[in-house]
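# Next one to model:
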Amino acid sequence: GCELTASTKSYTFQVDEEDDSDHILALSVVCLTDGAKDECNVVEVVGRNHENQEIAVPVANLKLSCQPLLSLDNFKLQPPVTFRLAAGSGPVHLAGWHRIVHREDASFEEDDDLSEEEEEEEELAPIMPAKK
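A predicted model of the protein is given here:
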């Protein structure tokens, strides 16, 4: 997680470019924290599109009196990504999770999984019609 305030308006999450792993960053909750004023606090996500151009997308507009918290249901992002307080003074807390998928771990043998499922199906008794 991170916190955006009037003095710290942005936070960048990045990974080592030489890392062979795939990284997923998921944003779960954006909320105002203790000391927030009743003003609009707009949080943007700044990233790069497929043409490597910087794009900024607002993901939350929080106000203490009407919407102090927003659940983003694990909004997935590709690092590097910057979270920016585009309006308001916060403090706004962002929470989520970071998953690292090692490429050699991603390749698994599906045949083993299928054979176990087939074995389980063979052990089940057939379904019989109900007696009248």
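
# Please make it C-alpha for all contacts and neighbour counts, starting now.
Fine.

# just checking, what packs against the helix or strand where Lys76 lies?
Using DSSP states H and E, Lys76 falls within strand 69-77. If you count contacts as 3 or more CA pairs under 8 Å, 6 or more residues apart in numbering; DSSP states H and E, strand 69-77 packs onto strand 22-32, strand 54-62.

# what residue lies at the spatial centre of this protein?
Residue closest to the average C-alpha location in the chain (CA atoms, centre = their mean): Ala26, at 1.1 Å.

# distance of it from Leu94?
According to CA to CA, to the nearest Å, Ala26 and Leu94 sit 10 Å apart.

# does Asp38 really touch Pro68, like I thought?
No. If you go by CA atoms under 8 Å, Asp38 and Pro68 don't touch, sitting 9.3 Å apart.

# Skipping its backbone neighbours, what lies nearest His98 in space?
Leu25 (4.5 Å; CA to CA, 6 or more residues apart in numbering).

# quick one: contacts for the one you found?
76-79, 96-99 (CA atoms under 8 Å, 6 or more residues apart in numbering).

# Out of those residues, which comes closest to Leu62?
Gly96 (17.4 Å; CA to CA).

# And that closest one, which helix or strand is it part of?
strand 92-101.

# Which parts of that strand count as buried, going by neighbours?
Judged by neighbour count (16 or more other CA atoms under 10 Å), strand 92-101 contains these buried residues: 92-96.

# likewise stretch 2-14?
For stretch 2-14, by 16+ other CA under 10 Å, it's 3-5, 9-11.
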